[in-house]
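Visitor: Quick one, what's the 3D model for this:
(chains A and B)
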Amino acid sequence: MDANEPFIKIYDDFSDKIFRFIYYKTCHRETAEDIMSQTFLKAMEKWTLYNANKGTVSAWLYGIARNLIIDHYRKQQKWGYFKNICDIWDLPSDEDILRQLTEEEQKEELYKALNQLPSKQREIIMLRLWEDMPYREISEIMSRSESACKMLFSRSIGKLKLSMDSSLLFQLLISGINFSGGKNE
Amino acid sequence: MNKKFENILSDLYENDPGLKKNEKQIIKILERLNTAGTRVEIDKKFQIKLRTELLKKEIKTTVPFFRKTSIRLTLAAIVSVAALAIVFIPMVKYSDMGQAESTMEMMPVRSEAPMAKDGLVLNRMSIQGEVEPEMVFGNTEEYDRIHENAFLNTIDNPLSTFSIDVDTASYANVRRFLQNGSLPYADAVRIEEMINYFNYSYPDPEGDHPFSINTEVTRTPWNESNLLLRIGLQGERLSFDTLPPNNLVFLLDVSGSMNDQNKLPLLKSALKMVVKNMRDKDSIAIVVYAGAAGTVLEPTTGENREEIIAALDRLEAGGSTAGAEGIKLAYKKAMENFDIYSNNRIILATDGDFNVGVSSDAELERLIEKKRDSGVFLTVLGFGMGNYKDSKMEIIADKGNGNYAYIDSILEAKKVLVEEMGGTFFTIAKDVKLQIEFNPALVSSYRLIGYENRMMAREDFDDDTKDAGELGAGHSVTALYELVPADGDRETSDLKYQSTAVKETAMLTDELLTIKFRYKRPDSNVSRLIEKVVKNDVTDFELSSDDTRFATSVAQWGMLLRDSEYKGSTSFEQIIETAGSARGDDGEGYRNEFIRLVKLSRQLSE
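Guide: Numbers count the residues shown, from 1 in each chain, chains lettered A, B, ... in the order given. Just a heads-up that it's a prediction; the model follows:
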């Protein structure tokens, strides 16, 4: 049992992050739980093979998870499977409907734009923005230099901006009108 | 603006100063991205559960052998890769296909299930890692493609050989589709399983054999010029008290995917019904599998049924699906408690989503085939929807001397596990095969309706090593053939090197065909043979028995749902009329329910 302690420590440190990483890429809670179990079981199996000189534990774990996700999609693709329902964007039920509707519309734009990005670009947005990870850590996980990661991130944001420009402009305009309307009254 | 955004922005400008003049927009994008990504948290229960599992697991602390010899191995690997490359390069040249595509070619054909009406998910809702978002649907159900049996000429194909199928899953699954407001996928409709869902009032067997054989020949209602042959098998109806003791192992899937209301909770109530009906001499063990397989309850007899119920109550879903491990462990448990005079059976309850361990269908098949010889039978109960792996479960049941039912409601659980418990749990004949020889003087061609994945080669009929379906106590099996009558002329096939002529005796007799049956007693490995001749006595369809008419209307419905090219003049109205007049003694109301479903499907297809 004691032999497991260091590994369990790693589980405690990383299970939340790994779960979210898989969830963002699969958009399905059960699938994410399945893949997460597989990730840690595999990591445990290969624990003796982990080599600290080659990279951090987190990079190693993310690598295992990423491969399992790729396997998951490859398997689905090969058999012509379909994806699971994505419930990641579900709003909490207590939000009022009007806000929910505008948020839904705004999100639609965002998802469209995000879906147009290559997977590496989506991954870096997820890690940098959602996980608030420093570039040092991201560079380990994505196995590329910090500056390359920074570049990748700014490219992704630039690309998002481009594809969202029109809708954003429109919204800025609308909010401007509302604002001035309020003033007049 | 918070610190996080400030940092992000300064990094951004460092790389792309041009972004600075659009700061407002960039911040807006970042804000939106940020709110979109903060809503997901791990389920704490699941997290703790996996942690406990990992704690229990034995971690390898010794360095495996190949690490020490890694240099040698690397060298060997380089040499062998080089050798392989030499072999494969010429082959690759001829094909531009990627690896994935070429493996796909070697796999059995799967049908792409069209999306269910309620399962559609818009592209926008997915942010995926590895594939482009075009094929995003809210459904991962799998069905094997069914290639319908075609008409075969009796001169070239005088023998038709197939294995019985007592599964009923397809009907319950089709019902689930309809009740959810959509028509089923064509490949989810297995006509033989729909016909065999119902009980028929065939007479009990007399004499030595464990089942009776009944036939009837009528005109085909969807094609007046053809004949319809109905073959019915009726297994012995045994009283519960006389049945041998049960040695059951419940093998339950408690992985994360079983968490829905129509899965684990339904499964628990279904199995509690079995426990409540068990006798003191029966015993039940429970094995579960999720991330890892484990025994929840050692074999416990009916005297302590409260213990079994308590164990069922404690089950919770979580983790991935180590299905193969579970199967191995369940067979091990069944063997520990094995008694030659008992009914040794594993009852596997799952949504069929195996994704840890032995994961390819072929490997799983081999594993089950290996375990089959142990004398332990297998019942597969399918649960849930949306992620339902029908193809995999049918294979498991088929290869494992078993049967397969789909449980979509507590009522269906009652039908399968209580009312038809004898048929579900007690095998009275195994490897039951049929071979029909047609008289070419009277039948020019024939078509077996359904049983597509039960067809066998003619040689396999007499080969006792070839596996076939099991018949349970009280089970009935029905098969329908559409026959094209011969016009009376002597037909011959004249090829370059051989010719086949119809015998003089065939021309003189009024025998339409001969059916041969083979089966084995559950504990025997030697088959027994029964023969039955069917004469050319044709009844009008309207005057035929309720059972024939009802089975025919179910088959017709299946053909409509599959949009079969052989459906002829079949219509919903005609099915409703026929089935309505053929309800017979429908005590439990299943035939009435059938008519309701036909009406529902008519509505949905309008």
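Visitor: Show me the helices in chain A, by range?
Guide: A:5-26, A:29-45, A:57-78, A:97-115, A:119-125, A:135-141, A:146-184 (DSSP state H).
Visitor: per-stretch mean pLDDT over those, give me the minimum one.
Guide: Across the helices of chain A, helix A:97-115 has the smallest mean pLDDT, namely a mean of 61.
Visitor: Tell me which helix or strand comes right after the helix-or-strand element of chain B with minimal mean pLDDT.
Guide: Within chain B, no helix or strand scores below helix B:99-106, which has a mean of 34 by mean pLDDT, DSSP states H and E. Per DSSP states H and E, the first helix or strand lying C-terminal to helix B:99-106 is strand B:152-153.
Visitor: Within its sheet, name the partner strands of that next one and how each one runs.
Guide: Using DSSP bridges, strand B:152-153 pairs in its sheet with strand B:443-449 (antiparallel).
Visitor: distance between the strand it pairs with and the chain's centre?
Guide: Distance, stretch centre to chain centre, for strand B:443-449: 26 Å (C-alpha atoms, centre = their mean, to the nearest Å).
Visitor: Stretch B:371-384 too?
Guide: The gap between where stretch B:371-384 is centred and where its chain is centred comes out at 12 Å by C-alpha atoms, centre = their mean.
Visitor: Span of it from start to end?
Guide: 26 Å (C-alpha to C-alpha, to the nearest Å).
Visitor: Name the residues of stretch B:519-533 that are buried.
Guide: B:519-520, B:522, B:527 (16 or more other C-beta atoms under 10 Å in any protein chain shown). All C-beta atoms are positioned from the backbone trio N, CA, C, and that covers glycine.
Visitor: now, which of the residues you listed sits nearest residue A:30?
Guide: Taking C-beta to C-beta as the measure, residue A:30 lies nearest residue B:522 of those, at 38.6 Å.
Visitor: Does residue B:461 touch residue B:432 like I think?
Guide: No - taking C-beta atoms under 8 Å as the definition, residue B:461 is not a contact partner of residue B:432, at 11.2 Å.
Visitor: quick one: contacts for the residue nearest to residue B:260 when sequence neighbours are not counted?
Guide: Distance criterion C-beta to C-beta, 6 or more residues apart in numbering or on different chains; nearest residue to residue B:260, sequence neighbours excluded, is residue B:384 at 5.9 Å. Applying C-beta atoms under 8 Å, 6 or more residues apart in numbering or on different chains to residue B:384 gives the contacts B:257-258, B:260, B:262-263, B:351.
Visitor: One more: residue A:135?
Guide: Neighbour list for residue A:135: A:128, A:146, A:149-150, B:11 [criterion: C-beta under 8 Å, 6+ apart].
Visitor: Need the max-distance pair from those residues.
Guide: A:128 and A:146 (11.6 Å).
Visitor: got any residues that touch both of those two?
Guide: In terms of C-beta under 8 Å, 6+ apart, residue A:128 and residue A:146 are both contacted by the residues A:135, A:138.
Visitor: send the alpha carbons of the strand or helix carrying residue B:556 over as PDB?
Guide: Taking DSSP H and E as the criterion, residue B:556 maps to helix B:546-562. What follows is helix B:546-562 as a C-alpha-only set of coordinates in PDB (Å, rounded to 0.1, in the frame of the first residue of the first chain):
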ATOM      1  CA  ASP B 546     -53.500 -17.200 -35.200                       C
ATOM      2  CA  ASP B 547     -49.900 -17.900 -34.500                       C
ATOM      3  CA  THR B 548     -49.000 -18.100 -38.200                       C
ATOM      4  CA  ARG B 549     -50.900 -14.900 -38.900                       C
ATOM      5  CA  PHE B 550     -49.500 -13.000 -36.000                       C
ATOM      6  CA  ALA B 551     -45.900 -14.100 -36.700                       C
ATOM      7  CA  THR B 552     -46.400 -13.100 -40.300                       C
ATOM      8  CA  SER B 553     -47.600  -9.600 -39.400                       C
ATOM      9  CA  VAL B 554     -44.600  -9.100 -37.100                       C
ATOM     10  CA  ALA B 555     -42.300 -10.100 -40.000                       C
ATOM     11  CA  GLN B 556     -44.200  -7.700 -42.300                       C
ATOM     12  CA  TRP B 557     -43.800  -4.900 -39.800                       C
ATOM     13  CA  GLY B 558     -40.100  -5.600 -39.600                       C
ATOM     14  CA  MET B 559     -39.800  -5.500 -43.400                       C
ATOM     15  CA  LEU B 560     -41.600  -2.100 -43.400                       C
ATOM     16  CA  LEU B 561     -39.400  -0.700 -40.700                       C
ATOM     17  CA  ARG B 562     -36.300  -1.900 -42.600                       C
END
